[in-house]
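Colleague: Here is a sequence together with a model predicted from it:
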Amino acid sequence: MWIRRRPSPEEEDLLQRMAAGHTLKDHRFLDGRKEHLLHGPNGETTVVSADLVDRLRRQGRIASNMKFPAATYSLVARQ
């Protein structure tokens, strides 16, 4: 049996901000760089660590539309 763990405070904060209307995007550059930014409803942006995004993606809590050059992540419905 797989036991789902609770999100860490850092993960919970990002998930709550996304649920409140913030948009998480990864911006890819031609030189290979990738930057994860959380865009707020009032135009503010916050850098998000790639490790945090990868953890949430592996846990199945967020999913990407895999667009280039800026993929958008969305929350995944959990049961």
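Modeller: Structure received. Keep in mind that this is a model prediction, so the values were computed, not measured.
Colleague: start to end distance for stretch 44-64?
Modeller: One end of stretch 44-64 to the other measures 21 Å (CA to CA, to the nearest Å).
Colleague: Give me the buried positions along it.
Modeller: By 16 or more other CB atoms under 10 Å, the buried positions in stretch 44-64 come out as Val48, Leu52, Val53, Arg55, Leu56, Arg61, Ile62. All C-beta spots, glycine's among them, are computed from the backbone N, C-alpha and C.
Colleague: In strands, which of these appear?
Modeller: Val48, Ile62 (DSSP state E).
Colleague: Max pairwise distance over the buried residues of stretch 44-64: which two?
Modeller: Within those, Val48 and Arg61 form the most distant pair, 13.5 Å apart (CB to CB).
Colleague: hang on, the earlier thing: dump the buried residues of stretch 44-64 into JSON lines; add distance to Phe29 as well.
Modeller: Formatted as JSON lines, the buried residues of stretch 44-64 follow (distance: CB to CB, whole Å):
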{"residue": "Val48", "distance to Phe29": "16"}
{"residue": "Leu52", "distance to Phe29": "20"}
{"residue": "Val53", "distance to Phe29": "16"}
{"residue": "Arg55", "distance to Phe29": "23"}
{"residue": "Leu56", "distance to Phe29": "22"}
{"residue": "Arg61", "distance to Phe29": "26"}
{"residue": "Ile62", "distance to Phe29": "21"}
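Colleague: Out of the buried residues of stretch 44-64, which comes closest to Thr72?
Modeller: Using CB to CB, the buried residues of stretch 44-64 come closest to Thr72 at Ile62, 10.2 Å.
Colleague: quick one, what contacts that closest one?
Modeller: With contacts defined as CB atoms under 8 Å, 6 or more residues apart in numbering, Ile62 is in contact with Leu15, Met18, Leu24, Val53, Leu56, Tyr73, Ser74, Leu75, Val76.
Colleague: same question, Ser64
Modeller: So Ser64 contacts Asp26, Arg57, Ala71, Thr72, Tyr73 (CB under 8 Å, 6+ apart).
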